[in-house]
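Chemist: Pasting the sequence and the predicted model now:
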Amino acid sequence: MTSRNASPRHFLDICAFDSDTLRHVLGRGADLRARRDDVRTARPFDGKTLALVFDKPSTRTRLSFDLAMRQLGGETIVMSGNEMQLGRGESIADTARVLSRFVDAIMIRMLDHDKVVELAENATIPVINGLTHRSHPCQIMADVMTFEDHKGPIAGRAVAWAGPYNNVLQSWIEAAARFDFDLRVAAPNTLSVPVEVRDWAADAGARLTVGDDPFAAVEGVDCVVTDCWISMGDDENDNRHNHLMPYQVNSTLMAAAPDAIFMHCLPAHRGEEVTDDVMDGPQSVVFDEAENRLHAQKGILHWCLGAALD
C-alpha cells in the first residue's frame, strides 16, 4: 500500500488546483494514452488497490476507473453504500480511517459533496471525487482533453452551455478560470447559474457570460455542451421540461455554430436535451469524450498516487 502521510493528494474539485497542476495531470493522461501498451507492460501501479465506492448507479465512472487502474497494473475493489457499514450509520470519518488501512486510494461517487470532503479530510490516502451533486471534475478533465484532441489548445477559445445549472456546469465554470477560455451559458432564469457562483467566477478571472438566449450563446463558439435536464437528486416535473425545451440542442441550434463540436457527458436522454441527429451527427464527439474518461483519469490516478513511469 502507499505510504500514509498527513497530506495525501486528493482530487476533489478543479477550483482547488492551479493551472499548471491541471495541465500536468492532463499531460500525464495524454502520455499514458499514447504509451498504453508500454505502460501495461511496466505496470506502475503493481501492488496498489483502488477502492471504488458508489452511492448511486454508474456506467462510465465505474468502467473507466476500474479499467484505468487495471491497465496501470493495479487492482480495484468495488463497493456500494448499501454493502458497507456506511449504509447502516457508520460515520464518514470512521469509514475514511478504515479504508485508509486497506487500500491505496479511494474514488467515491456520492451526491452529498460535504460528505466527500469529510471523507478526504479524514483519509490518509488520496480521495477522488467521481461525482457529487455539486461537481464532476473528472468529467471536465476528460472534456478538456477531448476538446484539445479535436480543436487544439482550449485557451482563448469559446464554449457554450445550453441547459440548466448543475454539477457538470459548475466544473466547467471552474475550468474556464483555470484553462483560460470563454464560457457562455444559456439557461432559463429560474434554472441559471447562482449569483454566488457568478461572483466566484468573476473573482477567479473566469470569462463567464450568462444569458437566456441559446442562439446568442452558440454564435461563433468552438464547442457546444449540454447535459440531462434532470440530474440525480433533482425533482422530476413537467414544468421543468417546458422551461428547458427552448434550450434543446438540435440541428437548428448546431447550424448556428457550424464550426463547433458537440459534447455531452452521457447518459443522454435523446429527444429531450439533445436530438438524435446531433448525437449521431458529424459535429458530435460524445463517444471520444466518453473514452477520454479512461485516459484523463489515468492522469488523475498517476498524480494522486505519485507513481513513476518506467
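Modeler: Perfect, I can see it now.

Chemist: Backbone dihedrals for Phe54, please?
Modeler: In terms of degrees, to the nearest 10, the main-chain angles of Phe54 are phi -120, psi 120.

Chemist: can you give me the strands in the stretch 101-250 of the chain?
Modeler: 105-109, 127-131, 158-162, 182-186, 207-211, 223-226 (DSSP state E, counting those that start in this stretch).

Chemist: export those to CSV and tack on mean neighbour count?
Modeler: To be clear about C-beta, it is placed using only N, CA and C from the backbone, and glycine gets the same treatment. Formatted as CSV, the strands of the stretch 101-250 of the chain follow (neighbours: other C-beta atoms under 10 Å):
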stretch, mean neighbour count
strand 105-109, 28
strand 127-131, 28
strand 158-162, 26
strand 182-186, 24
strand 207-211, 16
strand 223-226, 27
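
Chemist: could these be laid out in TSV, adding distance to Val274?
Modeler: Listed next are these as TSV, based on distance: least, C-beta to C-beta, whole Å:
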stretch	distance to Val274
strand 105-109	23
strand 127-131	20
strand 158-162	9
strand 182-186	14
strand 207-211	20
strand 223-226	6
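
Chemist: Out of the ones you listed, flag the one nearest Phe147.
Modeler: Proximity to Phe147 (C-beta to C-beta) singles out strand 223-226 among these, at 5.7 Å.

Chemist: buried residues in stretch 110-121?
Modeler: By 16 or more other C-beta atoms under 10 Å, the buried positions in stretch 110-121 come out as 110-111, 113, 115-120.

Chemist: what packs against the host helix or strand of Asp94?
Modeler: Counting by DSSP states H and E, the element that carries Asp94 is helix 92-102. Packing contacts for helix 92-102, counted by 3 or more C-beta pairs under 8 Å, 6 or more residues apart in numbering; DSSP states H and E, involve strand 49-54, helix 113-122.

Chemist: Quick one: mean pLDDT over it.
Modeler: The average pLDDT for helix 92-102 rounds to 95.

Chemist: quick revisit: a markdown table for the strands of the stretch 101-250 of the chain, including mean pLDDT and distance to Gln170?
Modeler: Output for those, formatted as a markdown table (pLDDT from 0 to 100; distance: least, C-beta to C-beta, whole Å):
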| stretch | mean pLDDT | distance to Gln170 |
| --- | --- | --- |
| strand 105-109 | 97 | 16 |
| strand 127-131 | 98 | 11 |
| strand 158-162 | 99 | 11 |
| strand 182-186 | 98 | 11 |
| strand 207-211 | 98 | 11 |
| strand 223-226 | 99 | 13 |
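
Chemist: Looking at those strands, spot the one closest to Asp37.
Modeler: Judging the strands of the stretch 101-250 of the chain by C-beta to C-beta, what sits closest to Asp37 is strand 105-109, at 24.0 Å.

Chemist: Show me how far that closest one is from its chain's centre.
Modeler: Relative to the chain's own centre, strand 105-109 is displaced by 13 Å; criterion: C-alpha atoms, centre = their mean, to the nearest Å.

Chemist: how much does that strand deviate in direction from strand 49-54?
Modeler: 10 degrees (axes from the mean of the first three to the mean of the last three C-alpha atoms, to 10 degrees).

Chemist: What are the buried residues along the helix holding Asp94?
Modeler: 92, 95-96, 99-100.
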